[in-house]
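In: sequence and predicted structure below; questions after.
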Amino acid sequence: MSNVIGMSEYVGSSVANSYCWLCQKPVSARALFCPICGTIQPVREIDHYARLGMEKRLDIAVDLLERQYTTMSCMLAPERFLIRGLGERGHAARQLEALIVAYETLREPLKRGRYWLRLNEKESKEDAASNPLVIELRQELTNAADPSHCDRLAQKAGQALEHGVKVLMHALRGENWEEANMTLSQLDGVEIILNEVRERRTGLASQIRE
């Protein structure tokens, strides 16, 4: 079993048929600029790993990700395109937007795990509401009557999230897709409850001040 996907997979048919929009010379699907005329290229349908020049691995080198993102985002900084035409400024802005999405997805383990399922075409929808842990946390939330109770519940939910991410990554490394999807569903439910806990605490604290 491997947590690596071949570099040629999931990039899409645009790899073989990409051309510069200005000079019509062949360009790589992940190229930011045409190597012939130097024009900024439009965003093309490639995966997040390819967009950042990263090997397709579940476990990534975060320091390399940071360096790649920093270098590429500087190349796409809006001030570098102030004297360019409207079309090029638009391409640069959309390239930067796509780069940010790719970076934020790969940087966070939970988002990366969800994306890994999608890349492997193993993503499925599970019912978070029926998950035992989610049911337990929701019942505690219903009974939370003061800010301190909310704080304890938030800590419990936070710990569940931290543990759940570890379980998710372990399942993905072993290609246990069913467990990965079930864990991901649980994490989604816990995140929803954690947000509701924060709202409940704010409301309860406001009542006490009044």
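Out: Perfect, I can see it now.
In: low-confidence stretches in this structure?
Out: Low-confidence segments of the chain, defined by pLDDT under 70: 1-17, 210.
In: all helices for it, in order.
Out: Per DSSP state H, the chain carries helices over the ranges 48-51, 62-75, 86-107, 109-119, 132-143, 147-173, 177-209.
In: what's the closest of those to Cys34?
Out: Closest to Cys34 of the helices of the chain, according to Cβ to Cβ: helix 86-107, at 11.0 Å. From N, CA and C alone the C-beta is placed, and that goes for glycine too.
In: relative to helix 62-75, how tilted is the closest one?
Out: Interaxial angle of helix 86-107 relative to helix 62-75 (axes from the mean of the first three to the mean of the last three Cα atoms, to 10 degrees): 170 degrees.
In: which residues touch helix 86-107?
Out: 32, 39-43, 48-49, 51-52, 54, 60, 62, 65, 69, 72-73, 76-78, 80-82, 84, 111-112, 115 (Cβ atoms under 8 Å, 6 or more residues apart in numbering).
In: and those residues, which are buried?
Out: Buried by 16 or more other Cβ atoms under 10 Å: 32, 39-41, 43, 48-49, 51-52, 54, 60, 65, 69, 72, 76, 81, 112, 115, out of these.
In: domain-wise, how is the chain divided?
Out: Recorded structural domains for the chain (assignment: automatic domain parsing) are 13-107, 128-209.
In: quote the end-to-end distance of the last one.
Out: Distance across domain 128-209, first residue to last, is 35 Å (Cα to Cα, to the nearest Å).
In: check the offset of that domain from the chain's centre.
Out: Relative to the centre of its chain, domain 128-209 is centred 19 Å away, using Cα atoms, centre = their mean, to the nearest Å.
In: can I get the helices of the chain in a markdown table including distance to Gln24?
Out: Converted to a markdown table, the helices of the chain look like this (distance: least, Cβ to Cβ, whole Å):
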| stretch | distance to Gln24 |
| --- | --- |
| helix 48-51 | 23 |
| helix 62-75 | 23 |
| helix 86-107 | 15 |
| helix 109-119 | 31 |
| helix 132-143 | 54 |
| helix 147-173 | 41 |
| helix 177-209 | 42 |
